[in-house]
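Visitor: Quick one, what's the 3D model for this:
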Amino acid sequence: MAHRLRQTGRSVPLVSAAVCGLFYLLAAPFGLRSQPAAVDGPRADAIRSPNIISVSSSLVSVPVSVTDPAGRIIQDLAPEDFRIFEGGRAVEISRVTGSKHSPLHLALLFDLSGSVHSRFEFEREAAARFLRTVWKPGDTITLVTFSERPLTLLERGENLEAALSELALLEPTKAGTAFFDTVVLAARMLGKASAPETRQAQIVLSDGADNQSDHGLASAAEALQRSDTLFYAINPSGASVRLNAVNRKGHEDLSLLASATGGTAFVYDPSSDLDSMLGRIAAELRAQYLLSYYSPSSRNDGTFRAIRVSIPGRPELSVRARQGYYAAP
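Guide: Numbers count the residues shown, from 1 in each chain. Purely as a prediction, here's the structure:
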């Protein structure tokens, strides 16, 4: 019997209800960066005058991935093809940046625990090939391993070879798994001092099963949203593992976090090609659009604002993006 690849995301009925449930649970999903617009010159002096009532605006950046019905990445769209709505109100897109001009802050999270170490050497080599493919000058790499607790080996490093050297030294363990704690830690590291019009992404090699964390699913999702981080996951254990309640929840959690941030989670059989899955993630990260606009609201009050991205002239295309942001005070 041929092995089948299962890509979990918003098209998978099994998890769609759970995804909606997570959105309502968190009440304010999908954090995006909100940066004050720079004002210089005479206008700046006028705004600083006590006799002038000033209205500030915020720049919101939204990473967007677009695919056709066959799953192929679409890269030839123009700025006028996109529409963005904030709170149901159409906003003007001020800038569309290609991934070549948008730095990527990447975190690779590597599960060393006993549940996923059967093909550890192959997974480590595939991860190294992925980094060589996706990294470009100006990007940074954070490398975090985890079993019963997360361990940061490299934080926002700018040298690819340093990351590869750390990766080559990894060894599996038979300890427990602090999956959620690691997601939260990495998200907070990525969110520190992030400049406008950059992208943050976590790439996680794990089955998602957690038995050690202080944090839970809701905390992990909120940390990803507040740090504007896309979540991508591959389950190395695969679908052929005998699924118990812990395994099933791990699979669902990977899917939920990916759907909540505009990323993708893959659950597949170990005989499938891990390089192919990592290659698809790398291709998507290299082909994303970064849409920026100024929020029509001048209040940076920490509240959640819903957004929607569409391509009305190409209804057959699939658009994946975060669905809102926190207006950071």
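
Visitor: who's in contact with Ala195?
Guide: Pro103 (C-beta atoms under 8 Å, 6 or more residues apart in numbering). Every C-beta, even on glycine, is put in place using the N, C-alpha and C of the backbone.

Visitor: In a strand, it, correct?
Guide: No: counting by DSSP: H, G, I helix; E, B strand; the rest coil, Ala195 is not part of a strand but coil.

Visitor: Show me where the stretch 101-250 of the chain has its strands.
Guide: Assigned by DSSP state E, counting those that start in this stretch, the strands in the stretch 101-250 of the chain fall at 104-111, 140-146, 150-157, 199-205, 229-235.

Visitor: could you check the angle strand 104-111 makes with the fourth one?
Guide: It refers to strand 199-205. 20 degrees (axes from the mean of the first three to the mean of the last three C-alpha atoms, to 10 degrees).

Visitor: which helices and strands sit right next to strand 199-205?
Guide: Counting contacts by 3 or more C-beta pairs under 8 Å, 6 or more residues apart in numbering; DSSP states H and E, strand 199-205 packs against strand 104-111, helix 120-134, helix 179-191, strand 229-235, helix 274-286.

Visitor: Identify the residues contacting it?
Guide: 63, 99, 102-111, 116, 123, 127, 130, 183, 186-187, 190-191, 194, 224, 227-234, 236, 254, 263, 278, 281, 285, 288, 290.

Visitor: Just the buried residues out of these, in ChimeraX syntax.
Guide: Applied in ChimeraX, the following selects the buried portion of the contacts of strand 199-205 according to 16 or more other C-beta atoms under 10 Å:
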select :63,99,102,103,104,105,106,107,108,109,110,111,116,123,127,130,183,186,187,190,191,194,224,227,228,229,230,231,232,233,234,236,254,263,278,281,285,288,290
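
Visitor: returning to what we had before: tabulate the strands of the stretch 101-250 of the chain in CSV, adding columns for mean pLDDT and distance to Glu92.
Guide: Below are the strands of the stretch 101-250 of the chain laid out as CSV (pLDDT from 0 to 100; distance: least, C-beta to C-beta, whole Å):
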stretch, mean pLDDT, distance to Glu92
strand 104-111, 94, 26
strand 140-146, 96, 31
strand 150-157, 95, 33
strand 199-205, 94, 22
strand 229-235, 92, 24
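
Visitor: got a markdown table for those, with distance to Gly88 too?
Guide: Converted to a markdown table, those look like this (distance: least, C-beta to C-beta, whole Å):
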| stretch | distance to Gly88 |
| --- | --- |
| strand 104-111 | 31 |
| strand 140-146 | 36 |
| strand 150-157 | 37 |
| strand 199-205 | 26 |
| strand 229-235 | 24 |
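
Visitor: Please identify which of those is closest to Arg95.
Guide: Comparison of these against Arg95 by C-beta to C-beta identifies strand 199-205 as nearest, at 14.1 Å.

Visitor: Starting from the closest one, tell me which strands it pairs with and how they run.
Guide: strand 104-111 (parallel), strand 229-235 (parallel) (DSSP bridges).

Visitor: Can you say which of those is nearest to Asp214?
Guide: strand 104-111 (16.8 Å).

Visitor: so where's this structure uncertain?
Guide: 1-57, 115-118, 193, 237-243, 268-272, 329 (pLDDT under 70).

Visitor: Using the record's assignment, carve the protein into domains.
Guide: Taking automatic domain parsing as the criterion, the chain consists of the domains 34-38+56-100+288-326, 103-286.

Visitor: Quick check: which of those is buried the most?
Guide: domain 103-286 (a mean of 20; mean count of other C-beta atoms under 10 Å).

Visitor: so who does the residue nearest in space to the middle of the chain touch?
Guide: Using C-alpha atoms, centre = their mean, the residue of the chain that lies closest to the mean C-alpha position is Leu230, 0.7 Å off. By C-beta under 8 Å, 6+ apart, Leu230 lies in contact with 63, 199-202, 261-263.

Visitor: mind running it again at 10 Å?
Guide: 63, 65, 104, 106, 190, 199-203, 224, 258, 261-264, 281, 284-285, 288, 320-322 (C-beta atoms under 10 Å, 6 or more residues apart in numbering).

Visitor: Helices along the stretch 201-329 of the chain, start to end?
Guide: 217-226, 245-261, 274-286 (DSSP state H, counting those that start in this stretch).
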